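Novice: Below is the sequence, then the predicted model.
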Amino acid sequence: MNRRRFLGGSAAMAGSVVAARQVLAATRSTQAMELESSLDLTRHRFGVNYTPSHNWWFCWNDWNADPIRRDLDAIAALGADHLRILLIWPFFQPNPQWVSPAHLDRLDQLLSLMEERKLDALVTVFTGQLSGWFFLPPFNRLSSGFYTDATMASSQELFIRELARIMKPHSNIIGFDMGNEINTCWQAPTPQGDAWMARIFTLMQDVLPGKVHVNGVDHAPWFESDTFSPQALAAARFPVMHCYPYWTGAVKHGGPMDPPSVKLLGAMAALIRSYAGTPSKPVWAGEFNTCIKELPESGQAEWLEKAVLAAIEQGVSWFSYWDSHDVDRRFAFNPLEYSLGLLTNDGRIKEQGRTFQQLARAYRDKPVHFPNAALPAPPSTRTMEGTWQWILDWLGWKPAGS
């Protein structure tokens, strides 16, 4: 062998490797800057809560990337720029001292598939309840121990750190959501809930600095006493609201196209800002839909357009629709869950899907115009009835017969 040729070839190869690494580093730097720009809370974003068309989120245990690729292509074609993805806690962490490498690898794959399609990811963590079903880890204690027990605390920290290790190399990470409406699964007095939330926010920021971490509770803590105080929730960098006319009780105060329903997102944003003490607090509509199963596609599309436009007028920053796909009817769910998607289970774009696409194209990345009018003080009576009266007064709406 000619040593000079060998050394020259080795040098050229080494140079190629260095050049490739430089290109990769530059690409990742560019992607990081793009993500940083995309985390701007003063510009509108549109995304979805992802529900896999094949085997729902049971797919974490029965992994097949091919239908997921098709789902993500369809979601990207709708104009979504981010997905909220739902982990199932006991699938990922069946033991307090062990997180499943297989499931972490599947998460890594999903994030990569999303990355290829320029879809950013909000990753839920402690999802013990999802779409009406409970998924409790075997070491869970059915008490307030979720927020205070030392074994639970150490297992929670391990899970967050392991997830962060997988997520950190990816350029499309928005951040963590503490879970899917964890207050519907584990309750505690608000001092315990608030202390736990503060500790978990600190941990999440430590392991994934510079990201947007949220606590995606359902509507209850904003309306009545439930685990987390509205003041602590509103003090977060980016408070999240889950807005459903059916579940919040808006349908008791008018029809699907009346203000309590179509202006619910804007009204809840005003309620959150009243607790935050500022009319210009950024707010994220982390889940929204009517959950009114009697509405046909045309009605759902009409509601979606009116609700989003009214929310944009009230300066709501980001929108994440519930959900991407209908749920396969071979699975047992509340009938409300089957038809909430922008796409059917076999991938047909529904009327609300086309409306979402139009809204995303028209408003994505446009500046958020925050309201500056003074808000009334928060509700003096923290009950569903008292909070709804505050909302109705803010809307200037009197239901028929009142």
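Specialist: Nice, thanks for sending it over. The structure presented is a predicted model; accordingly, all values stated were derived computationally and were not measured.
Novice: okay, CA-based contacts and neighbour counts for the rest of this
Specialist: Will do.
Novice: so where's the protein uncertain?
Specialist: Low-confidence segments of the chain (pLDDT under 70): 1-37, 142-144, 402.
Novice: got a list of what the residue positioned nearest the centre of it touches?
Specialist: By CA atoms, centre = their mean, the chain has its centre lying nearest to residue 84, at 4.1 Å. Residue 84 is in contact with 47, 48, 49, 50, 121, 122, 123, 124, 320, counting by CA atoms under 8 Å, 6 or more residues apart in numbering.
Novice: so how far is residue 44 from it?
Specialist: Going from residue 84 to residue 44 by CA to CA, to the nearest Å gives 16 Å.
Novice: How about residue 224?
Specialist: For residue 224, the distance to residue 44 equals 29 Å [CA to CA].
Novice: Looking at these two, which has the bigger crowd around it?
Specialist: With neighbours defined as other CA atoms under 10 Å, residue 224 and residue 44 compare such that residue 44 has more, 22 against 19.
Novice: mind listing the strands for the chain?
Specialist: All strands of the chain, identified by DSSP state E, fall at 45-49, 82-85, 120-124, 129-130, 133-134, 173-177, 240-243, 284-288, 318-322.
Novice: Count the neighbours of residue 380 for me.
Specialist: Count around residue 380 with other CA under 10 Å applied: 9.
Novice: quick one: the residue nearest to it when sequence neighbours are not counted from residue 378, how far?
Specialist: Using CA to CA, 6 or more residues apart in numbering and skipping residues adjacent in sequence, the residue nearest residue 380 is residue 386, 7.4 Å away. Residue 386 sits 10 Å away from residue 378 when distances are taken as CA to CA.
Novice: More neighbours: which of those two?
Specialist: residue 378 (19 against 15).
Novice: The residue nearest to residue 380 and residue 346, how far apart?
Specialist: Noted for residue 386: a distance of 43 Å to residue 346, by CA to CA.
Novice: can you check residue 213 too?
Specialist: 33 Å.
Novice: Could you check which of the two has the larger neighbour count?
Specialist: residue 213 (25 against 13).
Novice: Enumerate every residue touching that one.
Specialist: Each residue near residue 213 by CA under 8 Å, 6+ apart is listed here: 174, 175, 176, 177, 178, 201, 204, 205, 238.
Novice: 7 Å instead, please
Specialist: 175, 176, 177, 201 (CA atoms under 7 Å, 6 or more residues apart in numbering).
Novice: try residue 98
Specialist: With contact set as CA under 7 Å, 6+ apart, residue 98 has no partners.
Novice: Tell me how many other residues crowd the closest residue to residue 125 other than its chain neighbours.
Specialist: In space, not counting the residues next to it along the chain, residue 125 is nearest to residue 179; the distance is 4.8 Å by CA to CA, 6+ apart. Counted with other CA under 10 Å, residues neighbouring residue 179 total 24.
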